[in-house]
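S.K.: sharing a model that was predicted from the sequence below.
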Amino acid sequence: MLDDVSVRRARTAELSHIGSLAGRLVEMHHRTDPDRFLLVEDVARGYARWFERELARREAVILVATRADTAIGYSYGTLEGRDWNLLLDAHGAIHDIFVDEAFRQQGVGRRLLEAMLRELEGLGAPRIVLSTMVGNEGAQRLFRACGFRPTMLEMTR
Ligand SMILES: CC(C)(COP(=O)(O)OP(=O)(O)OC[C@H]1O[C@@H](n2cnc3c(N)ncnc32)[C@H](O)[C@@H]1OP(=O)(O)O)[C@@H](O)C(=O)NCCC(=O)NCCS
């Protein structure tokens, strides 16, 4: 358990590094199933730009886990309205959660996730949903441990 890690809202100056972590999350998905998960050029920089816009929005939450002033993980979630296509009423959506490989299995992911749940609930989310790759069992164990249950199964042809 790492006890010198802090989890808080991300600041503008950190977004470039957080964009790199997000790029690694995208690459991990693409490596696992390139027919389903896209990979674009300059993905880290694209993410950093997107997060900069999102930082200004009340409905968006970008959290960072830092150790010795370095970002070692992040999570990104948003407050969403009713979505008829998903048959899903107002909800919080957790889009990303990522911890640097060197710091995994030491409680950082759980702290990020619990902080994100508090933030989204604080914004009024009556339920919170997320999607995870079917084979990503480590992440699924974390999500179950924090109260998530499987509800939808995406299929790709
Ligand atoms: C998923 C991820 C965020 C977990 O972060 P982490 O800091 O390693 O997680 P924690 O140490 O807080 O683990 C909390 C719980 O999750 C489970 N868990 C996490 N990683 C696991 C793994 N690789 N295998 C088995 N269980 C795992 C365990 O139940 C653990 O509880 P325990 O410590 O009581 O056993 C991290 O592995 C990661 O960044 N993975 C790559 C990105 C990813 O898959 N993101 C999720 C999909 S969007």
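M.R.: Arrived safely. Quick caveat: nothing in here was measured; it's all calculated off a predicted structure.

S.K.: so what touches the helix or strand where Leu21 lies?
M.R.: Assigned by DSSP states H and E, Leu21 falls within helix 15-32. Outside helix 15-32, the residues that touch it by C-beta atoms under 8 Å, 6 or more residues apart in numbering are 10, 36-39, 43-49, 51-52, 55, 62, 64, 70-71, 73-74, 76, 96, 98, 100, 133, 135. In this view, the C-beta of every residue, glycine as well, is placed from N, C-alpha and C.

S.K.: that one near the ligand at all?
M.R.: Yes. Applying C-beta under 6 Å from any ligand atom, one finds helix 15-32 touching the ligand at 25, 28.

S.K.: and that helix, what's buried?
M.R.: 15-23, 25-26, 30 (16 or more other C-beta atoms under 10 Å).

S.K.: of those residues, closest to the ligand?
M.R.: Leu25 (5.4 Å; C-beta to the nearest ligand atom).

S.K.: got the CA positions of stretch 134-154 in CSV?
M.R.: This file holds the C-alpha atoms of stretch 134-154, laid out as CSV (Å, rounded to 0.1, in the frame of the first residue of the first chain):
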residue,chain,number,x,y,z
VAL,A,134,-14.2,-8.4,-21.4
GLY,A,135,-10.8,-9.9,-20.7
ASN,A,136,-9.7,-7.2,-18.3
GLU,A,137,-10.2,-9.2,-15.2
GLY,A,138,-8.0,-7.2,-12.8
ALA,A,139,-9.9,-4.1,-13.5
GLN,A,140,-13.2,-5.9,-13.2
ARG,A,141,-12.2,-7.2,-9.8
LEU,A,142,-11.5,-3.6,-8.7
PHE,A,143,-14.9,-2.5,-10.0
ARG,A,144,-16.8,-5.3,-8.3
ALA,A,145,-15.0,-4.6,-5.1
CYS,A,146,-16.3,-1.0,-5.3
GLY,A,147,-19.9,-2.1,-5.9
PHE,A,148,-20.2,-2.4,-9.7
ARG,A,149,-22.1,-5.3,-11.3
PRO,A,150,-22.1,-6.4,-14.9
THR,A,151,-25.1,-5.0,-16.8
MET,A,152,-24.3,-4.9,-20.6
LEU,A,153,-22.2,-7.0,-22.9
GLU,A,154,-21.0,-5.3,-26.1
